Every structure is written in C-alpha cells, then in structure tokens.
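1. coords below, sequence missing:
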C-alpha cells in the first residue's frame, strides 16, 4: 500500500512545473507579436523600429533576470526579439535562447537557430553556413545571399533545420529580385 501511494505521488509531482509557471508569458507573446507586426508594414520607419526593438530586448532581459521566461515558446519568442538586434551580443543571445527553446521542446522549428547562427557569423564578418541571410546594399540594390561557406553544413542538415538547400536558395534569391506586379 505504501509503495502504491509513493508511486502515485511520484507520478503526480513529476508533472508539476518546477518553478510554478505552466503557461507562456503573455507579455513576451505580446512583444513577439509587436516585433513581427512592425516588420509587415509597407514603409518601415527603421529608426523607430530600432528603438522599439532595443526596448523589447531590454524588457526581455528583465524578464529573464526575474525568472519569468520559463516555457519553450517564451524562449523562442525571446530569441526572435534578440535576433533583430544589431550586434554580436544580441545574436549570441538569440542562439542561446533558441537552444533553450529546443531543449524545452525538441519539436520546435529550428530555422530560427540556423538564422541566429548565420546572423551571428555575419555580424562577426564571417561567412554564414546555413544560408538564411540575404542583404541589400542600398535602397535600389538587389537582394543577394550573404557570403556563405557551403562546406560547413550539408543540404540534409539545412533541411533538418527547415532551411532551403543551396539550389533552392539560388532560386529564392532570383525570386526576391523579380519585379512585382503593381510596382
């Protein structure tokens, strides 16, 4: 009888959250939605967006420090917010947060981890390895895939991270530069 009670209690306790948080942080979800929405407008005010991004990163840091980032989705959303930083500190943090998101939920879409790694390499002036980063030098310039070291990652590894193969990236680059109807 005692063994049965111990087993039942063990099963019950093993399903309780360690830190009391069982749901995603609503504030982080709102910041993530704001981050994404700000990038979907026709004429982005980049100065304002950069200021808003910096405020979001600062707030995520505060939430991290206070232990209020606790679910896989919280870490994913936080990683995306840091992905939009302008330096290697932000890109390194995006990588760390994405690894934590995947640790919480191995089924998490790993594209953002590949993108964070590529952006971090790009910020350091090194070639990317997955091929997620495209750049445009000037407002009228064409998009081009940022410099890549195609020997570090295979196309199979790219696919495992939901990244296009090298051939698909070349097609994507062409499509990004095709004139759009109505422009």
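-> Sure, I can see it. This is a predicted model, so every value here is computed, not measured.
2. quick one, strands of the chain?
-> 134-135, 144-145 (DSSP state E).
3. can you say which of these is packed in most?
-> strand 144-145 (a mean of 16; mean count of other CB atoms under 10 Å). All C-beta spots, glycine's among them, are computed from the backbone N, C-alpha and C.
4. and for residue 152, nearest residue in space, chain neighbours not counted?
-> Distances taken as CB to CB, 6 or more residues apart in numbering put residue 129 closest to residue 152, at 4.1 Å, once the chain neighbours are dropped.
5. touching, residue 44 and residue 37? I think so.
-> No - in this structure, residue 44 is not within contact of residue 37 by CB atoms under 8 Å, at 11.1 Å.
6. separation between residue 97 and residue 72?
-> 11 Å (CB to CB, to the nearest Å).
7. the two: which has the busier surroundings?
-> Neighbour comparison, residue 97 and residue 72: the larger count goes to residue 97, with 26 against 17 (by other CB atoms under 10 Å).
8. so where's this structure shaky on pLDDT?
-> By pLDDT under 70, the low-scoring segments of the chain are 1-21, 181-183.
9. do a quick rundown of the helices in it.
-> 2-14, 26-37, 46-65, 72-83, 88-104, 111-123, 155-160, 166-176 (DSSP state H).
10. among those helices, which comes closest to residue 144?
-> helix 166-176 (6.3 Å; CB to CB).
11. if we can go back for a sec, residue 137: which of the helices of the chain is closest?
-> It is, among these and with distance given as CB to CB, helix 111-123, at 13.2 Å.
12. check which helices and strands that closest one is in contact with.
-> helix 72-83, helix 88-104 (3 or more CB pairs under 8 Å, 6 or more residues apart in numbering; DSSP states H and E).
13. identify, out of those helices, the most deeply packed stretch.
-> helix 72-83 (a mean of 24).
14. quick one: distance of it to the chain centre.
-> 6 Å (CA atoms, centre = their mean, to the nearest Å).
15. so which of the helices of the chain is the most surrounded?
-> helix 72-83 (a mean of 24).
16. can you list contacts of that helix?
-> 24-25, 28-29, 31-32, 35-36, 53, 56-57, 60, 63-64, 68-69, 90-91, 93-95, 97-98, 100-105, 108, 112-113, 115-116, 119 (CB atoms under 8 Å, 6 or more residues apart in numbering).
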